Each structure stands twice: as C-alpha cells, then as structure tokens.
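A.B. asks: this one's sequence-less:
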C-alpha cells in the first residue's frame with residue numbers, strides 16, 4: 001500500500017470514530033478549579049455562607065478549605081489555620097442546630113394533620 005492510500009483509509013476511519021464516540025453531557029464540567037495558594041486574611045464568620053474541602057487526592061496540588069462568602073466570593077484558606085478550624089466548627093454547630101430544629105418541626109407537623117399527636121406518644 002502506498003502512503004497516500006493509507007491516509008485515504010485512516011482519515012475516514014478517524015471521522016467515523018469521532019462521530020460514534022460519546023460526548024460529555026451538556027453542562028458537564030470536567031473539574032473544579034483548584035486553589036493554588038492560601039488567603040492570609042481571616043474572614044469574619046458572619047460573612048461565610050458555606051464551604052467545600054479541596055484535597056490533593058483530586059487533581060489539586062494543595063489541601064484547602066474554600067469558603068463561600070455572602071458577597072459570592074470563593075476564598076481559599078489553609079485547613080491548618082486556627083481561625084479556619086474555628087469557622088468550620090461554628091458552621092458545623094449551626095448546621096446541626098438547623099437540622100435539629102428542622103427535624104423537630106417535621107416531627108411536630110408530620111402527623112398532626114393525620115390525627116396523630118406525637119407529644120402524647122412521648123409521655
């Protein structure tokens with residue numbers, strides 16, 4: 001076979017493989033962006049609305065806690081900083097209290113409309 005005939009066979013083959021191979025779903029992100037350095041400035045706890053953890057087991061180079069602020073910023077922080085540990089502890093307490101109140105409210109309201117009073121079952 002001549003080089004020209006090999007090219008004429010392989011080009012259509014690549015086109016067919018490209019058409020038949022699955023494409024990622026619309027809106028699918030291959031990865032999140034990674035923090036590459038830490039912010040040195042502590043964030044006031046009232047400005048933090050959530051967080052996520054970045055670990056080096058992903059494709060990122062450093063471990064980090066990424067705080068989401070009320071101003072819709074993402075701030076990369078060191079998980080070893082004392083103020084970060086305190087902020088995580090505070091968020092954890094607030095989350096527990098919210099879940100406890102929500103579950104207590106659901107327990108009070110879930111069965112009342114069905115004629116069941118859960119308070120009498122606790123006595």
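C.D. replies: Good, I have the coordinates. Bear in mind the structure is a predicted one, so any value in this text is a computation, not a measurement.
A.B. asks: could you find the closest non-adjacent residue to residue 54?
C.D. replies: Nearest residue to residue 54, sequence neighbours excluded (C-beta to C-beta, 6 or more residues apart in numbering): residue 64, at 4.3 Å. All C-beta atoms are positioned from the backbone trio N, CA, C, and that covers glycine.
A.B. asks: wait, that neighbour touches residue 80, no?
C.D. replies: No: look at residue 64 against residue 80 with C-beta atoms under 8 Å: they stay out of range, at 10.2 Å.
A.B. asks: list the buried residues for the helix or strand hosting residue 76?
C.D. replies: Assigned by DSSP states H and E, residue 76 falls within strand 74-77. Neighbour-count burial for strand 74-77, counted by 16 or more other C-beta atoms under 10 Å, picks out 75-77.
A.B. asks: also stretch 86-98?
C.D. replies: Quick answer for stretch 86-98 (16+ other C-beta under 10 Å): 87-88, 91.
A.B. asks: between the buried residues of strand 74-77, which is nearest residue 11?
C.D. replies: Nearest to residue 11 among the buried residues of strand 74-77: residue 76, at 45.9 Å, using C-beta to C-beta.
A.B. asks: now the residue nearest to the closest one when sequence neighbours are not counted: how far from residue 89?
C.D. replies: The shortest distance from residue 76 to any non-neighbouring residue, by C-beta to C-beta, 6+ apart, is to residue 35 (3.4 Å). According to C-beta to C-beta, to the nearest Å, residue 35 and residue 89 sit 21 Å apart.
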